[in-house]
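Asks: 3D, please:
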Amino acid sequence: MLCKFANFFVEINPLYDYTKKMIKFFETDETPTSDVITVGDKFTVDDYKKYNSLHPEVPIDEAEHVYLSFDFFEKILKYNAIMVHSSALKYNGKCYLFSADSGVGKSTHTSLWQEVYGDKVQIINDDKPIIRLENNKLIVYGSPFAGGTMKFQDDSAILGAIVFLERSENNSIEELSPQKAMRYLFKETMRRISKNKMNDSLNMINIILENCKFYKLKCNMDKSSAILSHDTIVKED
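Replies: Alright, predicted model coming up:
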């Protein structure tokens, strides 16, 4: 199936419905005007079964989704694009990424934004949004790689800030220097990849570090945490 997202033409033909249901929202009948990225062509059911044997808690259809997302991650690096493990929300024309280890509550935090700010907030992708450098601007895109909550949209916005979350009883937020933000960003973007692709990945990470604001948010799961992060990171007219 030919899809289009993040201004990429992507050929992807999953075996299982888990991913099929997500990619159908990005299906296109456009004639490709750039390279077509083929995802998952080298994988077999045996690959998914092997992953499933190592991670029995992950159903085989979700294992396929993991493999496909990693394959896509590697193939877009040479185009100045990268996926960041985060929940990305669009608010007043900009996109804000909230990143944390699984289970910390990044999806819960962005859902609190929706509760407080209503229709002003759209979740672009709740797991693996794409950041792409285009015309010297960092643009965040939705993608079909959104396991878990399966919240995603075929939408985009200029990157506003990246916030790294940590659970705490009390809410507090601080801006991070690029030097301090580096280890968090590195952790949420790195995969086991070849040396050449690692160089592409590090190049994109450096571009983000040089052109983005970063924050560390210690938060509980109360609406006040969303208000605090909003009032700190959103620079409204």
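Asks: doesn't Arg132 belong to a helix?
Replies: No - applying DSSP: H, G, I helix; E, B strand; the rest coil, one finds Arg132 to be strand, outside a helix.
Asks: endpoints of stretch 137-148, how far apart?
Replies: 29 Å (Cα to Cα, to the nearest Å).
Asks: could you do stretch 128-146 as well?
Replies: Start-to-end, stretch 128-146 (Cα to Cα) is 6 Å.
Asks: could I get the buried residue list for that stretch?
Replies: 128-133, 138-146 (16 or more other Cβ atoms under 10 Å). All C-beta atoms are positioned from the backbone trio N, CA, C, and that covers glycine.
Asks: and for stretch 64-78?
Replies: Quick answer for stretch 64-78 (16+ other Cβ under 10 Å): 64-77.
Asks: give me the contacts around the helix or strand containing Ile23.
Replies: Element membership for Ile23, per DSSP states H and E: helix 17-23. Helix 17-23 is contacted by residues 1, 3, 12, 14, 59, 61-62, 64-65, 68, 144-146, 150, 152 when judged by Cβ atoms under 8 Å, 6 or more residues apart in numbering.
Asks: in strands only, show me those.
Replies: 3, 12 (DSSP state E).
Asks: now do Arg192, the pLDDT please.
Replies: Predicted confidence (pLDDT) for Arg192: 62.
Asks: likewise Phe186?
Replies: 89.
Asks: and it, what helix or strand is that in?
Replies: Assigned by DSSP H and E, Phe186 falls in helix 178-187.
Asks: what residues sit buried inside the next helix or strand after that helix?
Replies: Remark: after helix 178-187, the chain's next helix or strand is helix 195-210, criterion DSSP H and E. Judged by neighbour count (16+ other Cβ under 10 Å), helix 195-210 contains these buried residues: 197, 200-201, 204-205, 207-209.
Asks: run through the helices of this structure in chain order.
Replies: 17-23, 45-54, 60-76, 106-117, 178-187, 195-210, 223-233 (DSSP state H).
Asks: state the pair within the contacts of helix 17-23 that is farthest apart.
Replies: Distance extremes for those: the farthest pair is Cys3 and Pro59 at 22.9 Å, using Cβ to Cβ.
Asks: higher neighbour count, these two?
Replies: Neighbour count, other Cβ atoms under 10 Å: between Cys3 and Pro59, Cys3 has more, with 22 against 14.
Asks: might one say that the more buried one is in contact with Ile12?
Replies: Yes - contact criterion Cβ atoms under 8 Å: Cys3 and Ile12 qualify, at 6.1 Å.
Asks: so who does Ile227 touch?
Replies: Counting by Cβ under 8 Å, 6+ apart, Ile227 has contacts Val116.
Asks: quick one: pLDDT of Gly160?
Replies: At Gly160, pLDDT is 96.
Asks: setting aside sequence neighbours, what's the nearest residue to it?
Replies: Lys94 (3.5 Å; Cβ to Cβ, 6 or more residues apart in numbering).
Asks: show me what the one you found bridges to in the sheet.
Replies: Legend: beta-bridge partners of Lys94 under DSSP bridges are Tyr91, Ile158.
Asks: show the contacting residues for it.
Replies: 157-160, 234.
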